[in-house]
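Asks: any chance you can model this:
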Amino acid sequence: MKKHIFILLALSLFSCFKKENTGLKTIVFPYNEYNQLLGKQKRKFLDSLYKDVATVPNNEQGVKYLFDLSSEYYYINDFAKSLKISRDLLEIAIDKSDTLNIAKSYSFIGDTYAQDHKDSAYFYYQKAEKLYQIIGNDEHMGKMSFNKAYVLFYEGNYLQSEIELSKALQLLKSNSNHELLYTFYNLMGCNLENLEDYDAALDYFEQAKNQLKMAREAGINYNSYSNCDVAISINMANIYDKTYQYEKSITTIKPLITKELEDKWPNDYSIALGNLGYSMMKKGDLRGVETMLHKSLNASIKHGNQTTTFYKLITLGEYYLTVKDTAQSLRFLKKSLFLGKKIKANSEIKLIYELLAKAEPHQDSYYKEKIIQLSDSLAIAQRKTNNKYARIAYETSVIEDQNKVLSKNNLYLITGSFILIVFFVVILVLRYWRNKRKELEYQRQLQEANVELFELLQHYQIDLNQAKVIEQNRISKELHDSVTNKLLGVHLVLKTLNESDDSDTKAKRKKYIEEIHAIENEIREITHDLRTEEMDSHFDFKMLILNCVQQANEMGTTRFSLDCDAMIDWESVSGLIKITLYRIIQEALSNVTKYAEASECKVVISLKDKETIEVSISDNGKGFDRKAIKSQGIGLKNMKERAEKVNSNLSITTQVGVGTQIQCSFKIN
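Replies: Numbering: from 1, shown residues only. Alright, predicted model coming up:
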């Protein structure tokens, strides 16, 4: 009933966490002047700076200035301008091949999406994480894992959120940032609370509390955006309520109710006051509870927080039901139902229906049917959400090669005598052979890195499949519980209908008997689906190629298709051959999308004989002039070089106005 408390506080904590990344003051952004402004004055000030964004130089200080400006727009909730500046920064970073700022831009873009488009936020956090992994920056990798865990938590995917947080904590185990660790431990506790592992949740909340204590001992105050001490105390009190330890909950919350909290953090005060009233009501001590709950509600309304107001309305409805004031109970419960539908708080709406059924026992059947319908929709929505994030994680798992060699020999002015000229030539020759050896060594390392990258990709897909099995079992349990609720509801309705024998009642009984048959069929279908859906424990290379083709389909108007010979045993093909084949197809599809203007493109992978795989990529586009390949065909040159490194021959057939065909054969052994 009170788990929403962390959500309200976490939004501000999440902003604090972002601030830690970008809050360093510079001489470029006028922080001294800006920090003296309040409310709308800050927005006007930022807008005056925004008008001159186009004139900001693309140097190091200019980029820092733009990141600061994007951050400040984020803090005043102007996500549109923050997003626009972040996208401009991404273009600048890409032009400069600045991997660190590309990753940082992805992170900022993800932040702007985190409020209303969490799937997009997750996608950009994933991209940033991969780049930080290439750079080898464990701290920022951990922070991106936290951001992903944050998104998953708010989507109700607590198990996957816990996994991401565990990964983040492993990366940041030596980090001494108390605020960062407080936020991690707090979110981990909330995940475990929702997974009903209450003892472990309390342990993490205690660890979060300890981080605040250590911060205070170090002279650091993290209560600038929300009262962190209040947040952690309320989260712990929630668990005490869920485990029926109401006295502990009251003891935890009571010290929070102070005049200082009311004046400085009115929203936190209203939450704490409402929770105290709720715990006292559940304990059976109703003294002053009505006044507390009304004061909490009025503060929430004044503060303009619809979510907090929603929960306070439910609590008041439950209070009046407890004191048997049915009219008042119905008034508050129906207000909460209206607001709950508005803010789409579907999980809590089930509780409202349960309370309404108690307030209006003659409508018991109606409300139980509503609960059944809502349970079905929640189960379907949860299934779609889980599948969506699993898909995003897989689609962004293929990491592009980021390492490029930039080697240029310096030219020296030839002056002086013949001896100096000879000496200069000798130096050039020596440097040439040294660079040549370095280039050969780099090529060898790059080839090994490609194989290692592909092996990592295989392990990732196997881990993903195992995670799917775990998630499938969880879905099975949830659906089982949902169907049981359906049967219980129908049972109760039939029991009521058995008391009468008129024609209308018979018709209703027949309807519910048919519903029981439908539920039986649903159980059978669900069981069949879960039993027959096998999760491979090996790497599916064909699926990787199919994913590449599907991504190409989403990039433009060309319709791409894949025809892959089912007789190919990909397990017997070396990793180097597979990564080369994948890169050639990827580059070819990219070229078709950018230049071919084709309506369709076919990728055919066939088994020529037991030892040879043949790949053909053909489109019906505009083709090109073979004489112009040298000036336009960097991608084609790359494909040929990749093929040559595995002793394969790549051929290109093209004609202007007709289309292009690329063919390549690979020896398996």
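
Asks: what about residue 647, how many residues close to it?
Replies: Burial of residue 647 is recorded as 9 neighbouring residues (other C-beta atoms under 10 Å). The way it works is simple: take the backbone N, C-alpha and C, and place the C-beta from them, glycine included.

Asks: so the residue most central in space within the chain is in which element?
Replies: With distances taken as C-alpha atoms, centre = their mean, the residue of the chain nearest its centroid is residue 122 (2.5 Å). Per DSSP states H and E, residue 122 falls inside helix 118-135.

Asks: list the buried residues of that helix.
Replies: Residues of helix 118-135 classed as buried: 118, 120-133 (neighbour count, 16 or more other C-beta atoms under 10 Å).

Asks: CA atoms only for it, dumped as CSV, please.
Replies: Below are the C-alpha coordinates for helix 118-135, written out as CSV (Å, rounded to 0.1, in the frame of the first residue of the first chain):
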residue,chain,number,x,y,z
LYS,A,118,11.5,4.4,-20.5
ASP,A,119,12.1,1.9,-23.3
SER,A,120,14.0,4.6,-25.2
ALA,A,121,15.9,5.6,-22.1
TYR,A,122,16.9,1.9,-21.6
PHE,A,123,18.1,1.8,-25.2
TYR,A,124,20.4,4.8,-24.9
TYR,A,125,21.7,3.7,-21.5
GLN,A,126,22.6,0.3,-23.1
LYS,A,127,24.5,2.1,-26.0
ALA,A,128,26.4,4.3,-23.5
GLU,A,129,27.3,1.2,-21.4
LYS,A,130,28.8,-0.6,-24.4
LEU,A,131,31.0,2.4,-25.2
TYR,A,132,32.1,2.7,-21.6
GLN,A,133,32.9,-1.0,-21.7
ILE,A,134,35.2,-0.4,-24.8
ILE,A,135,36.9,2.5,-23.1
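
Asks: average pLDDT across that helix?
Replies: Mean pLDDT, computed over helix 118-135, is 88.

Asks: so that it lines up with my notes, have the first residue be 24 from now on.
Replies: Understood, numbering begins at 24; the last thing we discussed is helix 141-158.

Asks: for that helix, name the packing helices and strands.
Replies: The contact analysis (3 or more C-beta pairs under 8 Å, 6 or more residues apart in numbering; DSSP states H and E) places helix 141-158 against helix 122-136, helix 161-177, helix 387-418.

Asks: could you tell me the least trusted of these?
Replies: Confidence, taken as mean pLDDT, is least for helix 387-418 of these (a mean of 64).

Asks: residue 596 and residue 59, how far apart?
Replies: Using C-beta to C-beta, to the nearest Å, residue 596 is found at 66 Å from residue 59.

Asks: between the two, which one's more packed in?
Replies: residue 596 (17 against 10).

Asks: counting neighbours, what do you get for the spatially closest residue to that one that is not a sequence neighbour?
Replies: Leaving aside its sequence neighbours, residue 596 sits nearest to residue 691 (C-beta to C-beta, 6 or more residues apart in numbering; 5.6 Å). Using other C-beta under 10 Å, residue 691 has 16 other residues around it.

Asks: what's the answer for residue 645, then?
Replies: 16.

Asks: can you check residue 304 too?
Replies: Residue 304, neighbours per other C-beta under 10 Å, totals 21.

Asks: how far does the helix or strand hosting it sit from the chain's center?
Replies: Secondary structure assigned from DSSP H and E places residue 304 in helix 289-306. Centroid displacement of helix 289-306 relative to its chain, using C-alpha atoms, centre = their mean, to the nearest Å, is 32 Å.

Asks: tell me the mean pLDDT for it?
Replies: Taken as a whole, helix 289-306 has an average pLDDT of 89.

Asks: only C-alpha atoms, please: export that helix in CSV.
Replies: The C-alpha trace of helix 289-306 is given here as CSV (Å, rounded to 0.1, in the frame of the first residue of the first chain):
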residue,chain,number,x,y,z
PRO,A,289,6.5,19.7,2.7
ASN,A,290,6.0,16.7,0.3
ASP,A,291,8.2,14.4,2.4
TYR,A,292,6.3,15.6,5.5
SER,A,293,2.9,14.8,4.0
ILE,A,294,4.1,11.3,3.0
ALA,A,295,5.5,10.6,6.5
LEU,A,296,2.4,11.9,8.2
GLY,A,297,0.1,9.9,6.0
ASN,A,298,2.2,6.7,6.6
LEU,A,299,2.1,7.3,10.4
GLY,A,300,-1.7,7.5,10.3
TYR,A,301,-1.9,4.4,8.1
SER,A,302,0.3,2.4,10.5
MET,A,303,-1.7,3.5,13.6
MET,A,304,-4.9,2.6,11.8
LYS,A,305,-3.7,-0.9,11.0
LYS,A,306,-2.5,-1.3,14.6
